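> pasting the structure only:
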């Protein structure tokens, strides 16, 4: 019969972003982590709500962390946390950047449930997006939309933004349908498709591939990108609704 000590899983280190937290017991906090190598991990950070906590100030959104985790039956335990990169400064001081940052983290959490996103790609895309969000000259909404387009492509839900998503007829096309998978030609255009300026689809392609793009199409790009994301995730991304109401 194996001893209890021998059956324990070893602790491990991983890179992580905090995507959600809630208070637990008197001084603890349950933290939902998007990790680079272990997908979504729920962990407890003990004593972090005390003023003398060793690492409580580091366990917050918009910080790239190197964490030590000890697996448990229901929750892992965070035993150490070091800062790799701190993105929070520029993000939390600006409402538009903050809401876009919250939407990035919430989207990452939802997409992490996809088997295709259990690897490092989603984590790296999140890190790139938060870094870009803190840079001057970067439009927050375009940063968010670029992240959504890349992350959904990693999940196997990439959009066709030039050729028709249904028949692959070469574009540019003037209609978009999230359920069909992007641009659609006049012959394939399903009910519920929206008419679009082909330049909007071009801007979406540019930001998806890391190229600079005009901000003139921001509202149109964001509307299509949000519709694409909401079509694939099971529940609404609340942060997107906050952005739309602002």
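Great, that's in hand. These figures come from a predicted structure and were not determined experimentally. Residues are numbered from 1 along each chain as shown.

> domain map for this protein?
Residue ranges for the domains of the chain, per the TED database: 12-86, 94-244.

> okay if I get the ones you listed as CSV plus mean neighbour count and mean pLDDT?
Where C-beta positions appear, they are placed from N, C-alpha and C, glycine not excepted. Below are these laid out as CSV (neighbours: other Cβ atoms under 10 Å; pLDDT from 0 to 100):
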stretch, mean neighbour count, mean pLDDT
domain 12-86, 17, 88
domain 94-244, 18, 92
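
> I figured residue 243 hits residue 141, correct?
Yes - taking contacts as Cβ atoms under 8 Å, residue 243 lies within contact range of residue 141: 7.4 Å.

> all helices in this protein, in order from the N-terminus.
Using DSSP state H, the helices of the chain run over 88-92, 95-111, 120-133, 140-154, 198-208, 218-232, 238-245.

> distance to residue 163 added to those helices, as CSV?
Output for the helices of the chain, formatted as CSV (distance: least, Cβ to Cβ, whole Å):
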stretch, distance to residue 163
helix 88-92, 36
helix 95-111, 24
helix 120-133, 24
helix 140-154, 15
helix 198-208, 11
helix 218-232, 16
helix 238-245, 27
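
> relative to residue 162, which of these is closest?
Proximity to residue 162 (Cβ to Cβ) singles out helix 198-208 among the helices of the chain, at 6.8 Å.

> ok, the closest residue to residue 79 other than its chain neighbours to residue 149 distance?
Leaving aside its sequence neighbours, residue 79 sits nearest to residue 68 (Cβ to Cβ, 6 or more residues apart in numbering; 4.7 Å). In this view, residue 68 and residue 149 are 34 Å apart by Cβ to Cβ, to the nearest Å.

> same question for residue 133.
From residue 133 across to residue 149, the span is 15 Å (Cβ to Cβ).

> do residue 139 as well
For residue 139 relative to residue 149 (Cβ to Cβ), the value is 14 Å.

> next: residue 27.
Distance of residue 27 to residue 149, computed by Cβ to Cβ: 41 Å.

> from residue 204, how far off is the nearest residue to residue 69 once chain neighbours are set aside?
Nearest residue to residue 69 in three dimensions, chain neighbours excluded: residue 76, at 4.5 Å (Cβ to Cβ, 6+ apart). Distance from residue 76 to residue 204, counting by Cβ to Cβ: 38 Å.

> residue 196 now?
10 Å.

> who touches both of these two?
Residues touching both residue 196 and residue 204 by Cβ atoms under 8 Å, 6 or more residues apart in numbering: residue 224.

> would you check how far apart the residue nearest in space to the middle of the chain and residue 176 are?
Compute the mean C-alpha point of the chain, and by Cα atoms, centre = their mean the closest residue is residue 108, 2.7 Å away. Applying Cβ to Cβ, the value for residue 108 to residue 176 is 24 Å.

> ditto for residue 228
9 Å.

> what do these two both touch?
Counting by Cβ under 8 Å, 6+ apart, the shared contacts of residue 228 and residue 176 are residue 182.
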